[in-house]
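Peer 1: okay, structure incoming, though there's no sequence with it:
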Ligand code: PLP
């Protein structure tokens, strides 16, 4: 295949040339002055991506799964109880990670396609037993990557506040940070965790956490037995710009560049761009007459869309055609929606024309798999969404220039 492959899975995402160039360099001494200066300058800027002034950013050479473990073992001990919500593959795995670490998980079952309902959070917390058996934390996946649903974390926070419950709020933003509005301090999130390979536009390999004061306090004298994941040692060494063990040196140079790019664009513009791209993809899905797995239009994800294939069509067949004929990688249906959906990733380093190319490929793959779509209908719907968006933005400019 010639030309650029289309990597439109919901992470890992495309790495911008600027980031690739920043990492294309000699490895430096991670105990030398250049490295210390890099880290000291970097961590406060990364905190801005979490919208946090109070939180401490902690980076590990790991994936999102490692970030789950880091958040859990630093704040919780075996036998502690937590509340979680099962609305997709990743919330299932987050709960499973906690159980594997000896934590007792009260896992509220939801439909896959549903967000975390704030009223259920409130109900669960009000019904919670008090004392040492009370929930120590509430686990929430902000953007459920397996279903394309963004839960309302602010509403979850309000539910916690309404009950006065003291549980920590631990939020997975693996597929939302730097793509979808998230405010660590304002929403009083105690631990936010993410990975490098999605909105941050980096290769896989880095787990990022932002740790708020209550979580830090919980970890000072509590938590589980831990070594590699112990953020106390990392935070202590970070004060001078260093790490207790060998960091992922080149990924840190990449993170420096990606963070600069995101801050140059401005976080609100980054979120606006994702909303625009997501809106166009959803317009295409509607034009194809297909269903978005997300049940609530208010909770549709701006970083990916989970598209349901009609009865009798295996979504894996659509993906196979897209990959083999058009070099277009789409996200597979995970867990209980395997074969029923495919996912279009629209996050990270991405623009309108790349989305249109992706939609053209999806449309052809659908037609070739036997889904009765009209060729061009989805692409045209997305184009109309983009043009309408541009006109809405352009009108005041034209008016002032007159
Ligand atoms: N949480 C969410 C929401 C994810 O989407 C993923 C992976 O896609 C993970 C956690 C696990 O991350 P990783 O595969 O990097 O371990």
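Peer 2: Cool, the structure landed. Here the structure is a predicted model, which means the values were calculated and not measured.
Peer 1: so where is the stretch 251-400 of the chain shaky, pLDDT-wise?
Peer 2: 395-400 (pLDDT under 70).
Peer 1: nearest residue to the residue of the stretch 1-150 of the chain found nearest the ligand other than its sequence neighbours?
Peer 2: Nearest residue of the stretch 1-150 of the chain to the ligand, counting by C-beta to the nearest ligand atom: residue 64, 2.4 Å away. Just so you know, the C-beta spots here come from the backbone N, C-alpha and C atoms, and that holds for glycine as well. Residue nearest to residue 64 in three dimensions, not counting chain neighbours: residue 195, with 3.8 Å by C-beta to C-beta, 6 or more residues apart in numbering.
Peer 1: that's a helix at residue 210, yeah?
Peer 2: No - under DSSP: H, G, I helix; E, B strand; the rest coil, residue 210 sits outside any helix and is assigned strand.
Peer 1: so it touches residue 185, yeah?
Peer 2: No - applying C-beta atoms under 8 Å as the test, residue 210 and residue 185 come out as separate, 9.4 Å apart.
Peer 1: quick one on the thing from earlier: next, the contact list for the residue nearest to residue 64, please.
Peer 2: Residues in contact with residue 195 (C-beta atoms under 8 Å, 6 or more residues apart in numbering) are 11, 63, 64, 67, 174, 204, 206, 207, 208.
Peer 1: tell me how far it lies from the ligand.
Peer 2: Remark: distance between residue 195 and the ligand (C-beta to the nearest ligand atom, to the nearest Å) = 4 Å.
Peer 1: contacts for the helix or strand hosting residue 353?
Peer 2: Using DSSP states H and E, residue 353 sits within helix 352-368. With C-beta under 8 Å, 6+ apart as the test, helix 352-368 has contacts from 6, 8, 276-277, 280-281, 284, 288, 290, 307, 318-319, 321-322, 325-326, 328, 330, 344, 346, 373, 375-379, 382-383, 386.
Peer 1: list the strands paired with the helix or strand harbouring residue 305, with their directions.
Peer 2: Element membership for residue 305, per DSSP H and E: strand 304-308. The strands beside strand 304-308 in its sheet (DSSP bridges) come out as strand 291-292 (antiparallel), strand 341-345 (antiparallel).
Peer 1: for stretch 145-161, measure first residue to last.
Peer 2: With C-alpha to C-alpha, to the nearest Å as the measure, stretch 145-161 spans 27 Å from end to end.
Peer 1: pLDDT on it, on average?
Peer 2: For stretch 145-161, the mean per-residue pLDDT is 98.
Peer 1: so does it get close to the ligand?
Peer 2: Yes - judged by C-beta under 6 Å from any ligand atom, stretch 145-161 comes into contact with the ligand at residue 145.
Peer 1: pull out the buried positions in that stretch.
Peer 2: For stretch 145-161, the neighbour count (16 or more other C-beta atoms under 10 Å) marks 145-160 as buried.
Peer 1: could you list which of those residues belong to strands?
Peer 2: 149, 150 (DSSP state E).
Peer 1: now, the buried residues of stretch 145-161 that are in helices?
Peer 2: Mapping the buried residues of stretch 145-161 onto helices (DSSP state H) picks out 153, 154, 155, 156, 157, 158, 159, 160.
Peer 1: how far away is residue 174 from the ligand?
Peer 2: Look at residue 174 and the ligand: by C-beta to the nearest ligand atom, they are 3 Å apart.
Peer 1: which residue, other than its chain neighbours, is closest to that residue?
Peer 2: According to C-beta to C-beta, 6+ apart, the nearest residue to residue 174 is residue 64 (4.3 Å).
Peer 1: quick check: phi and psi at the one you found.
Peer 2: The phi/psi pair for residue 64 (degrees, to the nearest 10) reads phi -60, psi -30.
Peer 1: contacts only, for it.
Peer 2: Neighbour list for residue 64: 172, 174, 193, 194, 195, 207 [criterion: C-beta under 8 Å, 6+ apart].
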